[in-house]
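Colleague: What follows is a predicted structure for the sequence shown.
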Amino acid sequence: VSPSWELWAGHCCRVSAAARIFLLRVRVVPLANLRAAKRHLERTGNIPRTAEPEAVLIHLHDIAAVFVSVLAWLFIGFSTGFALHKVPVRHFDHDTWLTRPRSFEDGGSFYQRRLRIRSWKDRLPEKGDLFPDGFSKRHIINRSTEHLERFMAETRRAETVHWLNLSAGPLFLIWCRPLLGAFMILFGICAHLPFVMVQRYNRERLSRLLRRRSATS
């Protein structure tokens, strides 16, 4: 039976007799058949499956990627903290869309009722005074209205810093493989979300105190 794809003998007129005999026996295989054969071999395990390239802009070994990620987290943390430290406090004397209370928080009660925040919030590090002229939020040292309002403003500043750090997680996909990048995103959420909750809980408590003080004055 003649094959469906053959080289015409007339094409072989300028080659040697031995070459003509060889070429006359050559059967041209369509490209689609080659691809089907390759898929069959891959399924049967006779040849290794070709690895698909991963969507990473900068290719690093996992150990190097982790090392770069640690440095990146430190840089992001210090740079955002320092940048917002330089912003005048008057920019944080009111709530924005980001920092305004949400209904589910129930005046801060949600964090105590569901998360028992009082049992662990003081165990978190407080670095509000890390930079010169910073404001520590570890303790309320003055119960004057001015100090409490400043304290609330500093909780907004701190919350904004932690939101910025948390949102930086997807940047790590530039040099981390998808699985490692997902871990870095999860790490950012777990590392910064507790600080966000503490700032919001403390601010709601201070807000209630100031409202009561205003109502009785």
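Modeller: Nice, I can see it.
Colleague: what comes up buried for the helix or strand harbouring H192?
Modeller: In this structure, H192 sits in helix 178-216 according to DSSP states H and E. Buried residues in helix 178-216, counted by 16 or more other C-beta atoms under 10 Å: 180-181, 183-185, 188, 192, 194-207. Where you see a C-beta, it was placed from the backbone N, CA and C, and this is true even at glycine.
Colleague: next one: stretch 103-111
Modeller: For stretch 103-111, using 16+ other C-beta under 10 Å, the buried residues are G108, F110, Y111.
Colleague: Looking at those, which one is closest to P170?
Modeller: Among these, Y111 lies closest to P170 (C-beta to C-beta), at 26.6 Å.
Colleague: name the element the closest one belongs to?
Modeller: helix 109-115.
Colleague: Can you get me the centre-to-centre distance for that helix and its chain?
Modeller: Chain-centre distance of helix 109-115: 26 Å, with C-alpha atoms, centre = their mean, to the nearest Å.
Colleague: Run the angle between the following helix or strand past that helix and helix 178-216 for me.
Modeller: Next helix or strand after helix 109-115 toward the C-terminus (DSSP H and E): helix 145-167. Per axes from the mean of the first three to the mean of the last three C-alpha atoms, to 10 degrees, the angle that helix 145-167 makes with helix 178-216 is 160 degrees.
Colleague: Helix 145-167 - contacts with which helices or strands?
Modeller: helix 62-85, helix 178-216 (3 or more C-beta pairs under 8 Å, 6 or more residues apart in numbering; DSSP states H and E).
Colleague: For the first one, which helices and strands make contact with it?
Modeller: Think helix 62-85. Counting by 3+ C-beta pairs under 8 Å, 6+ apart, helix 62-85 packs on helix 145-167, helix 178-216.
Colleague: out of the ones you listed, which comes closest to D133?
Modeller: D133 sits nearest to helix 145-167 of all these, at 11.7 Å, using C-beta to C-beta.
Colleague: Give me the angle between that closest one and helix 62-85.
Modeller: 150 degrees.
Colleague: pLDDT of helix 145-167, averaged?
Modeller: Mean pLDDT, computed over helix 145-167, is 97.
Colleague: just stretch 56-68 next, same as before
Modeller: 92.
Colleague: again with stretch 102-116
Modeller: pLDDT averaged over stretch 102-116 gives 96.
Colleague: Just to check, R205 is in contact with G108?
Modeller: Yes: counting by C-beta atoms under 8 Å, R205 touches G108, with 5.7 Å between them.
Colleague: contacting residues around the residue most central in space within the chain?
Modeller: By C-alpha atoms, centre = their mean, the mean C-alpha position of the chain lies nearest to G169, the distance being 2.1 Å. Going by C-beta atoms under 8 Å, 6 or more residues apart in numbering, G169 touches M184, I185, L186, F187, G188, I189.
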